[in-house]
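1. whatever this is, show me its structure:
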Amino acid sequence: MAIRGTARVDGVTKNLVKRLNPGDIAVIDHGELDDLAAHSLAEKRIKAVINASPSLSDRYPNGGPFILVSSGILLLDNVGKDIMMNILDGDNIEITGDRVVCKNRVVASGRILDLKQINEEMESLKSNMHSLIHDFVCNTLEYARNEMELVSGDCQIPDIKNCIAGKHVLIVVRGQDFRNDLKAIRHYIDEVKPVLIGVDGGADTLKELGYSPDIIIGDMDSVSDSTLTCGAELIAHAYRDGRSPALVRISSLGLEAIQFIAPGTSEDIAMLLAHEKGAELIVLVGAHSNIFDFLDKGRKGMASTFLVRLRVGSKLVDAKGVSRLYKSRVKACQLAQITLAALIPAIMIMLLSTPARGIIRLLYLQFRLYLGI
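-> Take a look at the predicted model:
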């Protein structure tokens with residue numbers, strides 16, 4: 001059966017997601033498709049994904065392809081890089097079998113991945129995990145020596161306008177299930193009113209849920225222009241040599257930002273900033289905290305995250321997965337009890353009210369006449 005739709009083309013999946021509409025066909029170039037990208041694509045209710053690169057990893061069992069296909073989205077895999085030039089954004093295309101047709105000609109072909117194939121290939125890679133974990137730990141320890149400044153006090157913490165001392169700080173990172181986790185702690189946000197720090201695209205999600213980030217920190221490669229201009233304090237993550245792609249983008253919007261020169265990831269320096277500025281408690285949503293998170297991001301180790309978490313210590317509360325911790329289920333008997341409890345006051349009022357008693361008596365008499373009693 002042929003699948004037809006409007007092609008949306010972008011080599012950067014997180015940019016493409018912002019332009020997708022239900023029924024579109026996403027054309028991406030995303031090797032080793034990660035969970036976060038797959039969830040973002042699936043949420044857009046698209047018909048299909050055409051990937052120029054292999055979606056399945058040959059190193060570890062990445063879950064992105066499984067998420068897409070189990071969501072009912074067709075995945076045409078490894079069609080080759082030329083498709084990114086052979087199809088223009090907005091073209092009407094058709095997927096027939098394993099071929100892609102655009103303007104009445106076949107422009108690419110690949111392999112349609114189904115759940116059976118995905119499960120088999122993921123299962124075969126589980127035997128690699130022992131050596132992969134060994135290499136990951138060795139890399140983490142090696143890089144930790146070079147990033148020791150994160151815990152030794154040699155890292156220069158910039159001065160900021162927002163007052164953090166003695167307050168709760170909520171740091172939002174684009175990670176697996178981070179939206180659901182953020183929604184699960186909305187009562188905490190509304191009641192405690194913590195200082196809100198959005199790490200790159202995490203700031204967009206805060207805005208989507210009706211909150212204004214106090215600080216936006218990161219490389220600024222996945223946050224929208226509208227969020228950058230919302231009035232939040234901007235902190236640009238810079239490399240050791242002073243280069244900062246984030247600062248270039250911010251300057252192009254006519255905005256000002258503070259530079260934070262430090263190794264590691266943007267979420268790491270967000271935690272370090274909150275800690276060094278005297279936060280009473282640091283709540284982290286969407287953080288990358290395990291080997292699969294870091295492999296999905298293409299990192300061979302987690303040195304900076306390991307060191308920063310050591311430094312932050314007992315102040316840190318990781319809210320990752322909190323949305324799956326407990327889901328309330330209301331039973332039928334409980335609904336019946338609630339309904340009965342709500343009806344009791346109404347019944348009492350009717351029994352005590354003279355007009356209501358008259359209406360009830362009239363209905364009773366009509367009922368008797370109807371039955372001929």
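
2. which stretches of the stretch 101-250 of the chain form helices?
-> For the stretch 101-250 of the chain, helices defined by DSSP state H, counting those that start in this stretch occupy the ranges 115-125, 129-146, 149-152, 178-184, 186-192, 202-208, 225-228, 245-252.

3. any idea how far Asp204 lies from Ser109?
-> Asp204 sits at a distance of 36 Å from Ser109 (criterion: Cβ to Cβ, to the nearest Å). All C-beta spots, glycine's among them, are computed from the backbone N, C-alpha and C.

4. same thing with Ala7?
-> Here Ala7 is placed at a distance of 16 Å from Ser109 (Cβ to Cβ).

5. circling back: quick one: closest of the helices of the stretch 101-250 of the chain to Ala262.
-> Proximity to Ala262 (Cβ to Cβ) singles out helix 149-152 among the helices of the stretch 101-250 of the chain, at 6.9 Å.

6. only alpha carbons, please: show the closest one as PDB.
-> Only the C-alpha atoms of helix 149-152 are listed here, as PDB (Å, rounded to 0.1, in the frame of the first residue of the first chain):
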ATOM      1  CA  GLU A 149      38.200  22.000  37.700                       C
ATOM      2  CA  LEU A 150      34.400  21.500  37.900                       C
ATOM      3  CA  VAL A 151      34.900  20.300  41.500                       C
ATOM      4  CA  SER A 152      38.200  21.800  42.500                       C
END
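
7. check which helices and strands it is in contact with.
-> Contacts defined by 3 or more Cβ pairs under 8 Å, 6 or more residues apart in numbering; DSSP states H and E place helix 149-152 against helix 303-312.

8. what's next to the helix it packs on, contact-wise?
-> Taking contacts as Cβ atoms under 8 Å, 6 or more residues apart in numbering, the residues outside helix 303-312 that touch it are 139-144, 146-148, 150-151, 263-265, 267-269, 271-272, 274-275, 282, 288-289, 294, 316.

9. restricted to buried residues, select the residues you listed in PyMOL.
-> Here is the PyMOL selection string for the buried members of the contacts of helix 303-312, based on 16 or more other Cβ atoms under 10 Å:
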select buried, resi 139+140+143+144+147+150+151+263+264+265+267+268+269+271+272+274+275+282+288+289+294+316
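
10. average model confidence for stretch 214-234?
-> In this model, stretch 214-234 carries a mean pLDDT of 92.

11. start to end distance for it?
-> End-to-end distance of stretch 214-234: 9 Å, with Cα to Cα, to the nearest Å as the criterion.

12. and the average pLDDT for stretch 12-23 is what?
-> Here the average pLDDT along stretch 12-23 is 92.

13. residues of that stretch that come out buried?
-> Under 16+ other Cβ under 10 Å, the buried positions of stretch 12-23 are 13-14, 16-17, 20.

14. swap in stretch 33-50?
-> Buried, per 16+ other Cβ under 10 Å, within stretch 33-50: 33-42, 44, 46-50.

15. picking that back up, which of the buried residues of stretch 12-23 lies closest to Leu247?
-> Taking the buried residues of stretch 12-23 together and measuring to Leu247 by Cβ to Cβ, the closest member is Lys14, at 20.2 Å.

16. just for the protein, where's the confidence low?
-> 153, 296-301, 321, 323-373 (pLDDT under 70).
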